[in-house]
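S.K.: Coordinates for the following, if possible.
(one chain, ligands or ions: 1)
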Amino acid sequence: MKPSNISSLIRYPIRDVVLEAKKEEKKGKKIIYLNIGDPCAYDFDPPKQIVDGVKKALDQKYKGYAPSAGDPELREAIAKIEGCGNESVFVTSGLSEGIEFAMRLLLDTGDSILLPNPTYPLYLSKADVLSTKTLLYECDDEWHPDPEDIRKKIEKRTKAIVVINPNNPTGAVYPRKVLEEIANIAAENNLAIIADECYDHVIFEEGVQMHKLKDIAKDCLVFSGNSLSKNFLYPGSRVGYVAIHRDKEGLFTDAFNRICNQRLSVNWEFQRAAIAAYNMNFDFLKPSLAKLKRRRDIIRKRVEEIPGLRMMSPPAALYAFIQVEGYKGTDWDFVYDLLRTEGVLTVPGSAFYKDPKKRLFFRATLLPDEKTLDEAMGKLQKFMKARVG
Ligand SMILES: Cc1ncc(COP(=O)(O)O)c(C=O)c1O
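M.R.: Next up is the predicted model:
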């Protein structure tokens, strides 16, 4: 017996690199982990109301299966935020499951989906498993999507455009004009939009405004995706959602219900806790955003000082997407070389980005405390000096 061919297509580089780091750790090397966007792995915590909500829910015996589409009170709280009916909200196991479900509902074998380049790798992996084609649309120097490129790449069997705003891995937040153009393209070509907005409150640069696609794209189907993982610093809750907007005939709402039914439900106690989250204001996030901004500034300053490195300063999300010049080898060589030489773990850029210009990138998280980041950047500087000069 062999595992299925489909299973061999499943890759998740953000976690795959950790296996290599663990081997180094076993040999006694101290590793600084800059590979993952989990706030709780660093000095961030979810708001106490939400954590207390989990305990309270367990005391109240929320231990059975929840309704498959989600706890009714939670759906109501989310519907208020999304400006849609409660029946259009589906609670999923993180946004990850929401992405999988939305893609499953929209795509048949042989259909295609437009993804940003760079993209969050889950979309690539899910498309492979669904035997669908991915069409990558390019971004400009500030990592904003190029609507003309989207238009050019649409094929006969294209069904949807994914927009990740704020973006992982670049941290870019898209201007309203760009989103309007994407909305027009979707409407003109009868495409759905999957709006992945799970960092929409993790914006630390003053004056940068986030525009939600559901408010802009009035003439096409929009799946708005979000979760507790980043906005509420609680990835372990595994609570996310998809809200379906402008499903005129209710066909996708009906299909989403059916796909939720087959996996029974999301953990009920965490859904009950999420009700508190979706009724809170975002003042609790202010100190975390201030920390992220300071940490972004440390990385930016050090990158500016190190010959061979450059980056666009991210206004949002949890990552810096850094370009390397002068290194002899691939981005995977770079990441493993940096890990084995200096004990700093990052993620190869090609996990996110198929760069038409074949440049070398890696992604580092902004999350570690300032002392750790200083140490990591010092090690990176030493490494670059040795390899690039
Ligand atoms: C852009 C983007 N979408 C979706 C997810 C999935 O998040 P979760 O399943 O934890 O809600 C992530 C996680 O890093 C992400 O960066």
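S.K.: Pick out the residue in the stretch 251-389 of the chain sitting closest to the ligand.
M.R.: The nearest approach of the stretch 251-389 of the chain to the ligand comes at residue 317, 7.5 Å away (CB to the nearest ligand atom). Just so you know, the C-beta spots here come from the backbone N, C-alpha and C atoms, and that holds for glycine as well.
S.K.: neighbours around that residue, how many?
M.R.: 29 (other CB atoms under 10 Å).
S.K.: and it, what pLDDT?
M.R.: Listed pLDDT for residue 317 reads 98.
S.K.: now the helix or strand of the chain with the lowest mean pLDDT, how far from the chain's geometric center?
M.R.: Using mean pLDDT, DSSP states H and E, helix 13-26 stands out as the lowest-scoring helix or strand of the chain, at a mean of 88. The chain centroid and the centroid of helix 13-26 are separated by 21 Å under CA atoms, centre = their mean, to the nearest Å.
S.K.: Could you do stretch 284-302 as well?
M.R.: Distance, centroid of stretch 284-302 to centroid of chain: 19 Å (CA atoms, centre = their mean).
S.K.: same check, this time on stretch 237-250
M.R.: In terms of CA atoms, centre = their mean, the centre of stretch 237-250 is found 17 Å from the chain centre.
S.K.: what about it, start to end distance?
M.R.: Stretch 237-250 stretches 29 Å from its first residue to its last (CA to CA, to the nearest Å).
S.K.: again with stretch 362-372
M.R.: First-to-last residue span, stretch 362-372, CA to CA: 18 Å.
S.K.: Alongside the ligand, which residues does the stretch 101-250 of the chain contribute?
M.R.: For the stretch 101-250 of the chain, the residues in contact with the ligand (CB under 6 Å from any ligand atom) are 120, 164, 168, 196, 198, 227, 229, 235, 240.
S.K.: Now for the fifth one: which residues touch it?
M.R.: Contact partners of residue 198, counting by CB atoms under 8 Å, 6 or more residues apart in numbering, are 95, 225, 226, 227, 229, 230, 231, 240.
S.K.: Determine the set of other helices and strands touching the helix or strand encompassing the first one.
M.R.: When elements are defined using DSSP states H and E, residue 95 is found to belong to helix 94-106. Under the contact definition 3 or more CB pairs under 8 Å, 6 or more residues apart in numbering; DSSP states H and E, helix 94-106 sits against strand 89-93, helix 122-129, strand 158-164, strand 192-196, strand 222-227, strand 239-245, helix 251-261.
S.K.: what residues are up against residue 56?
M.R.: 272, 273.
S.K.: Also residue 16?
M.R.: Contacts of residue 16 by CB under 8 Å, 6+ apart: none found.
S.K.: The ligand versus that one, what's the distance?
M.R.: 15 Å (CB to the nearest ligand atom, to the nearest Å).
S.K.: before we move on, what about residue 172?
M.R.: Separation of residue 172 from the ligand (CB to the nearest ligand atom) stands at 12 Å.
S.K.: Counting neighbours, what do you get for that residue?
M.R.: Counted with other CB under 10 Å, residue 172 comes out at 27.
S.K.: do residue 18 as well
M.R.: Neighbours of residue 18 using other CB under 10 Å come to 18.
S.K.: That one - nearest residue in space that isn't next to it in sequence?
M.R.: residue 35 (6.7 Å; CB to CB, 6 or more residues apart in numbering).
S.K.: likewise residue 332?
M.R.: residue 348 (4.9 Å).
S.K.: Ramachandran angles for the spatially most central residue of the chain?
M.R.: Nearest residue to the geometric centre of the chain (CA atoms, centre = their mean): residue 168, 5.0 Å. Backbone torsions of residue 168, given as degrees, to the nearest 10, read phi -110, psi 120.
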